[in-house]
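K.L.:
Mind looking at a prediction? Sequence and model below.
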Amino acid sequence: MATANTSSQTISKQVLSVANVGQVSSSQNNFHRFAGRTVSSGALVLVSLELKESSAAMLTINTEKSVMASMLLRDLKQAIAQA
């Protein structure tokens, strides 16, 4: 994952292109949070992305819909890897 030179704006654009979520402001430059609801059931979704050193990142999806979380995780990993 090429995150060392990836700007916050680029990351936000990639996440927003995959998921219908809104960005939650954060005081940390290397930590990005996004929140939203599913359209069908109204389940809450929290996406957290922490940029680590050496071109690594930790992506976390929190929701009560486990199947949707795994699908969203797969799609977001692909989108962020292209950034």
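P.N.:
Right, received. Where do you want to start? Residues are numbered from 1 along each chain as shown.
K.L.:
Grab the nearest non-local neighbour of residue 15.
P.N.:
In this structure, residue 15 finds its nearest non-sequential neighbour in residue 34, 5.5 Å apart by Cβ to Cβ, 6 or more residues apart in numbering. C-beta: built from backbone N, CA, C; applies to glycine.
K.L.:
I'd assumed the one you found was in a helix, is it?
P.N.:
No - going by DSSP: H, G, I helix; E, B strand; the rest coil, the assignment for residue 34 is strand, not a helix.
K.L.:
Report the beta-bridge partner residues of it.
P.N.:
Counting by DSSP bridges, residue 34 forms beta bridges with residue 23, residue 47.
K.L.:
This structure: helices as residue ranges?
P.N.:
Counting by DSSP state H, the chain has helices at residues 8-18, 66-81.
K.L.:
Output the ones you listed in TSV, with distance to residue 60 appended to each entry.
P.N.:
Shown next, in TSV, are the helices of the chain (distance: least, Cβ to Cβ, whole Å):
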stretch	distance to residue 60
helix 8-18	12
helix 66-81	9
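K.L.:
Out of those, which gets the lowest mean score?
P.N.:
Confidence, taken as mean pLDDT, is least for helix 8-18 of the helices of the chain (a mean of 88).
K.L.:
mind listing what the closest residue to residue 8 other than its chain neighbours touches?
P.N.:
Using Cβ to Cβ, 6+ apart and skipping the chain neighbours, the partner closest in space to residue 8 is residue 32 (6.7 Å). By Cβ atoms under 8 Å, 6 or more residues apart in numbering, the residues touching residue 32 are 8, 11-12, 15, 23, 26, 48-51.
K.L.:
and if we set it to 10 Å?
P.N.:
Under the criterion of Cβ atoms under 10 Å, 6 or more residues apart in numbering, the neighbours of residue 32 are 8, 11-12, 15, 23-26, 47-51, 57, 59.
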